[in-house]
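S.K.: when you get a sec, could you give me coordinates for this:
(2 chains)
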There are 2 protein chains.
Amino acid sequence: MYLPQDFEQTDMSVVLELINAAPLATLVAYTSGGLRADHIPLMMVKDRLIGHVALANDLHEILDANHDVLVVFSGDNAYISPNWYPSKPDTHEVVPTWNYEVVHVHGRITFHHDRKSKLAVVGQLMKVFETRTNGNAAWRMSDMPANFMEQKLNGIVAFEIQPTRILGKSKLSQNKTDADRLGAAEALEPSFIAARMKNPLQN
Amino acid sequence: MYLPQDFEQTDMSVVLELINAAPLATLVAYTSGGLRADHIPLMMVKDRLIGHVALANDLHEILDANHDVLVVFSGDNAYISPNWYPSKPDTHEVVPTWNYEVVHVHGRITFHHDRKSKLAVVGQLMKVFETRTNGNAAWRMSDMPANFMEQKLNGIVAFEIQPTRILGKSKLSQNKTDADRLGAAEALEPSFIAARMKNPLQN
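M.R.: Got it, this is the predicted structure:
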């Protein structure tokens, strides 16, 4: 990815928070059939990304063990109008741009077909997403009839991705003056990206 | 992409509207250095996607003429809790899922370094995004000093992508009963994906 220094997100806690806040990843692989992308919610557990696909998804068949993949997590994004820069009338030397935050995790994927791995992956994903969504009223896997749960586990394949490189890009007008950056943020309020533009948090 | 028939978006007008509504694309290529993705606003003009990159972005140097690329456009997405299905108490045979809409455009990319092509691309992109953002107060390229505009045009490379295959996926609970689909949509209101779940629009 094109990554000018101004926009490199060097704070790994921000990178991990972006993954946590936007878990629906685009998992990209190059295969004998060309480029391919699947959209899968993932979670970082210790130093691995974990997730699962349907058994009917041939991804687990066409990728070799340790196949290289690129996982893209996308935060909020917005068009930035030159009209929003307070400095615009000074010189009119301004152009539109697009702000966004993304994380790229390059890594190697390994699929797991055993029941224990599958149960561990779905259990961890569901606990996080359910608690976030429903708090104390979180749905639990034990709510399902046991035979139904086994049937659903039989219909998936778990995987983990071992990262080899992690890149964060926070393109949030850090290359502008504070006044112009905050002026553009104000025009986008209220939004997640406006909050991020006000405080891009880089080391 | 794994694309069960229930979720295939067969209405090309919906596919084009998804591109129009979420123009910040993930442009993926397989290069001698491995997988690579760049995030670039694109627009469909006639039957081509058009966009531009910074001259400093080496993408235009490392991709051959007509290099295969995959362009991903991502609409809204949301975690779907089993708690939201009115049918849940009947059998408890429900599991969490994630809903989303995406468009994949497979195609071949061609870069253009001539001033006319670059001016045409930025002119078309800016007109659409500015009018959408600012209406009658839209910023215009003619607001820039002429020498500044030439300097900016010298700093970019235009490109077009000729699609070879377009896939739309609208994963909006169409595999559930109407009552369960609408129950989950209600839990997500107000949101873009709730509106889409209420009316998935497929041919």
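S.K.: residues near A:Thr10, how many?
M.R.: 12 (other Cβ atoms under 10 Å in any protein chain shown). From N, CA and C alone the C-beta is placed, and that goes for glycine too.
S.K.: so what's it up against?
M.R.: By Cβ atoms under 8 Å, 6 or more residues apart in numbering or on different chains, A:Thr10 lies in contact with A:168, A:202-203.
S.K.: for A:Ala25, what are its contacts?
M.R.: A:39-42, A:49, A:51, A:71-73.
S.K.: what sits against A:Ala179?
M.R.: Contacts of A:Ala179 by Cβ under 8 Å, 6+ apart are A:86-87.
S.K.: what about it, which helix or strand?
M.R.: Taking DSSP states H and E as the criterion, A:Ala179 maps to helix A:178-187.
S.K.: ditto for A:Leu16
M.R.: Applying DSSP H and E, one finds A:Leu16 within helix A:12-21.
S.K.: centroid-nearest residue for chain A?
M.R.: A:Phe73 (2.2 Å; Cα atoms, centre = their mean).
S.K.: wait, that residue touches A:Tyr100, no?
M.R.: No: with contact defined as Cβ atoms under 8 Å, A:Phe73 does not count as touching A:Tyr100 (11.3 Å).
S.K.: overlap in contacts of those two?
M.R.: With Cβ under 8 Å, 6+ apart as the test, A:Phe73 and A:Tyr100 reach no residue in common.
S.K.: for the helix holding A:Ala179, the distance to its chain's centre please.
M.R.: 25 Å (Cα atoms, centre = their mean, to the nearest Å).
S.K.: average model confidence for it?
M.R.: Average pLDDT, helix A:178-187: 97.
S.K.: just the closest of the contacts of A:Ala25 to B:Gly155, please.
M.R.: For the contacts of A:Ala25, the residue nearest B:Gly155 by Cβ to Cβ is A:Val72; the value is 25.7 Å.
S.K.: pLDDT value on that closest one, please?
M.R.: Listed pLDDT for A:Val72 reads 98.
S.K.: same check on A:Asn203?
M.R.: pLDDT, A:Asn203: 72.
S.K.: repeat for A:Pro89
M.R.: pLDDT, read off for A:Pro89, is 93.
S.K.: anything in the lengthiest helix in chain A near chain B?
M.R.: Criterion DSSP state H: the longest helix present in chain A is helix A:115-134. Yes: applying Cβ under 8 Å from any Cβ of the partner chain, one finds helix A:115-134 in contact with chain B at A:125-126, A:129-130, A:132-134.
S.K.: related to what we said a few turns ago, next helix or strand past the helix holding A:Ala179?
M.R.: helix A:192-198.
S.K.: which elements pack onto that next one?
M.R.: On a contact count with 3 or more Cβ pairs under 8 Å, 6 or more residues apart in numbering or on different chains; DSSP states H and E, helix A:192-198 meets strand A:67-80, strand A:97-112, helix A:178-187.
S.K.: buried sites along the helix holding A:Ala179?
M.R.: Using 16 or more other Cβ atoms under 10 Å in any protein chain shown as the test for burial, helix A:178-187 gives A:180-185, A:187.
S.K.: list the buried residues of the helix or strand A:Val28 falls within.
M.R.: Using DSSP H and E, A:Val28 falls within strand A:24-31. Neighbour counts over strand A:24-31 (16+ other Cβ under 10 Å) mark A:24-30 as buried.
S.K.: what's the answer for stretch A:66-75, then?
M.R.: Those would be A:67-75, for stretch A:66-75 by 16+ other Cβ under 10 Å.
S.K.: so what touches it?
M.R.: In contact with stretch A:66-75 (Cβ under 8 Å, 6+ apart) are residues A:18-19, A:21-23, A:25-30, A:42, A:49, A:63, A:100-110, A:161, A:192-193, A:196, B:26, B:28, B:34-37, B:39, B:74.
S.K.: may I see the PyMOL selection of the buried members of these?
M.R.: Selecting the buried subset of the contacts of stretch A:66-75 in PyMOL, with 16+ other Cβ under 10 Å as the burial test, is done by:
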select buried, (chain A and resi 18+19+22+23+25+26+27+28+29+30+42+49+63+100+101+102+103+104+105+106+107+108+109+110+161+193+196) or (chain B and resi 26+28+35+36+37+39+74)
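S.K.: contact partners for A:Tyr100?
M.R.: For A:Tyr100, counting by Cβ under 8 Å, 6+ apart, the contacting residues are A:74-78, A:169, A:171, A:193, B:24, B:39.
S.K.: burial check on the closest residue to it other than its chain neighbours, number of neighbours?
M.R.: Distances taken as Cβ to Cβ, 6 or more residues apart in numbering or on different chains put A:Asn77 closest to A:Tyr100, at 3.6 Å, once the chain neighbours are dropped. Using other Cβ under 10 Å, A:Asn77 has 20 other residues around it.
S.K.: and the one 10 residues further on, by the same measure?
M.R.: Residue crowding around A:Ser87 was assessed by other Cβ under 10 Å; the count is 15.
S.K.: just the one 3 residues further on next, same as before
M.R.: A count of nearby residues for A:Asp90, using other Cβ under 10 Å, gives 9.
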